[in-house]
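Colleague: using only what follows, build the 3D model:
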Amino acid sequence: MAGARKPGRNHLFVPGPTNTPERILRAMHVPMEDHRSSDFPNLTLPIFEDMKKVFKTKDGQVVIFPSSGTGAWEAALTNTLSPGDKVLAPRFGQFSHLWADMARRHGLDVIVQEEEWGTGASPERVEEWLRADKVHEIKAVMVVHNETATGVTSDVAAIRRAIDAAKHPALLFVDGVSSIGSLDFRMDEWGVDIAITGSQKGLMLPAGLGIACISQKALAAMKDAKLKRCYFDFADHMRANPTGYFPYTPSVPLLYGLRESLAILFEEGLDNVQARHHRLAEGTRAAVKAWGLKLCAKEPKWYSDTVTAIMVPPGFSGADVIDIAYRRYNLALGAGLSQVAGKLFRIGHLGDLNELMLLGAIAGTEMAMRDVGIEVELASGVAAAQASFQGGMQANLKKVAAE
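Modeller: Next up, the predicted model:
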């Protein structure tokens, strides 16, 4: 019957929001308090320092907005640039498109570097553009680290090398919404000037926090920036944050949740978190291979460890797979967006997740595909993922024993 209750829990396998651990839910269940009290900095000051560890920076400044990651996008642009400034934006998916569109709507001159969807930002083409910019009109390069629309991860370190090889002073802005807290990210080592993320992906929280980490070079660029800003003004936070306060009302429950999220990440260890995500992604990719289907990502160098985008065969719609998975099996899969709408579906495998949880999603996906007429062999993907997971675990045990 339409509208009837679905028994059991919903199995959430979109690439964000992700599953929120019970520990975090309990940590957020707090009474409201005075965010200007003398005790409040005991909560906030350690959060700022611990977030720097996640970004892997010593000198970067962390700013936390009550917003989504899109707010942090806007902050990166408006705090460092002026109307008419040129920015270089590789576009290879829906989120790189949206960030470029935002820059244009703010009055920036956006040079869109088109890349095939299923690939990522090209360091060679970035270097080519910057070498041609003899008078240094390009003020920033905007790169989406992990493009969830296509299941592609770009090489940020290679982009920094390209900027340096061109001897260009452009700032490097990186969208790490679906990578930070899940994939390897090294702000200082990679020379990232502003990195942004949101709370609802690798940090395992509900949506509601937009987080930016700003290098000293980017802070210096604020002095000459002329784009208008108010709510997302870094300077207001720089004045309030050192004492543990905010320029306006923060989301107190989300801050308690963020403190618990950071504790969970550090208990597992960031290196172990990244290794787990790789292991889960490898199992998912093994399942796709067993199904005889193709990934949207064109080559292994582009493969994302937080989301797998799976092309459906000609004559089928990814939207139908998603609909059946949700209605019949209470399984939430990610949809194809924009240029790939209907051509694929996505399995998100990031955040608070383990092998058995993901095997359930793979099994449900097999059934949904069979239900819409895609000829995959039941249990083939599950078996391939199981073999991959066991191999990965055994390799990890050998590594630990050797150490």
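
Colleague: quick one: contacts for Ala103?
Modeller: If a contact means CB atoms under 8 Å, 6 or more residues apart in numbering, then Ala103 has 77, 87, 89, 110, 142 as its contacts. All C-beta spots, glycine's among them, are computed from the backbone N, C-alpha and C.

Colleague: of the residues you listed, which is the most crowded?
Modeller: Within those, most neighbours by other CB atoms under 10 Å means Met142, with 28 neighbours.

Colleague: which strand residues bridge it?
Modeller: Phe173 (DSSP bridges).

Colleague: that one reaches Asp101, doesn't it?
Modeller: No - Met142 is beyond contact range of Asp101, at 11.3 Å (criterion: CB atoms under 8 Å).

Colleague: that older thread, any chance of the contacts of Ala103 in JSON lines, plus pLDDT?
Modeller: Below are those laid out as JSON lines (pLDDT from 0 to 100):
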{"residue": "Leu77", "pLDDT": "98"}
{"residue": "Val87", "pLDDT": "98"}
{"residue": "Ala89", "pLDDT": "98"}
{"residue": "Val110", "pLDDT": "98"}
{"residue": "Met142", "pLDDT": "98"}
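
Colleague: among those residues, which are located in strands?
Modeller: When the contacts of Ala103 are checked against strands using DSSP state E, the ones located there are 87, 89, 110, 142.

Colleague: relative to Glu33, which of the residues you listed is nearest.
Modeller: Met142 (37.8 Å; CB to CB).

Colleague: got a list of what the closest one touches?
Modeller: Met142 makes contact with 87-90, 96, 99-100, 103, 173, 175 under the criterion CB under 8 Å, 6+ apart.

Colleague: distance of it from Glu116?
Modeller: Note on Met142: its distance to Glu116, by CB to CB, to the nearest Å, is 18 Å.

Colleague: kindly report the same for Lys86.
Modeller: Taken as CB to CB, the spacing of Lys86 relative to Glu116 amounts to 24 Å.

Colleague: for Asp184, same thing?
Modeller: Shown here: Asp184 relative to Glu116, a distance of 24 Å by CB to CB.

Colleague: neighbour count: these two, which is higher?
Modeller: Neighbour totals were compared for Asp184 and Glu116, and Asp184 leads with 20 against 10 (other CB under 10 Å).

Colleague: picking up where we left off before, tell me the one among the ones in strands among the contacts of Ala103 nearest to Val30.
Modeller: For those, the closest approach to Val30 (CB to CB) belongs to Met142, at 36.7 Å.

Colleague: buried residues in stretch 31-49?
Modeller: 35, 40, 43-44, 47-48 (16 or more other CB atoms under 10 Å).

Colleague: and these, which is closest to Arg161?
Modeller: Nearest to Arg161 among the buried residues of stretch 31-49: Phe48, at 29.6 Å, using CB to CB.

Colleague: could you list the low-confidence segments of the chain?
Modeller: Within the chain, the stretches falling below the threshold (pLDDT under 70) are 1-3, 392-403.

Colleague: tell me the spacing between the residue most central in space within it and Lys139.
Modeller: Compute the mean C-alpha point of the chain, and by CA atoms, centre = their mean the closest residue is Ser178, 1.0 Å away. Note on Ser178: its distance to Lys139, by CB to CB, is 26 Å.

Colleague: once you drop chain neighbours, what's closest to Phe316?
Modeller: Ile374 (5.7 Å; CB to CB, 6 or more residues apart in numbering).

Colleague: is it true that that neighbour touches Val321?
Modeller: Yes - with contact defined as CB under 8 Å, Ile374 and Val321 form a contacting pair (7.4 Å).

Colleague: which neighbours do these two have in common?
Modeller: Val312.

Colleague: if you count surrounding residues, which of these two has more?
Modeller: Neighbours around Ile374 and Val321, counted as other CB under 10 Å, are more numerous at Val321. The numbers are 23 against 18.

Colleague: what sits against the more buried one?
Modeller: Listed by CB under 8 Å, 6+ apart, the contact set of Val321 reads 312, 333, 345, 365, 368-369, 372, 374.

Colleague: can you tell me the SS state at it?
Modeller: Judged by DSSP: H, G, I helix; E, B strand; the rest coil, the three-state class of Val321 is helix.
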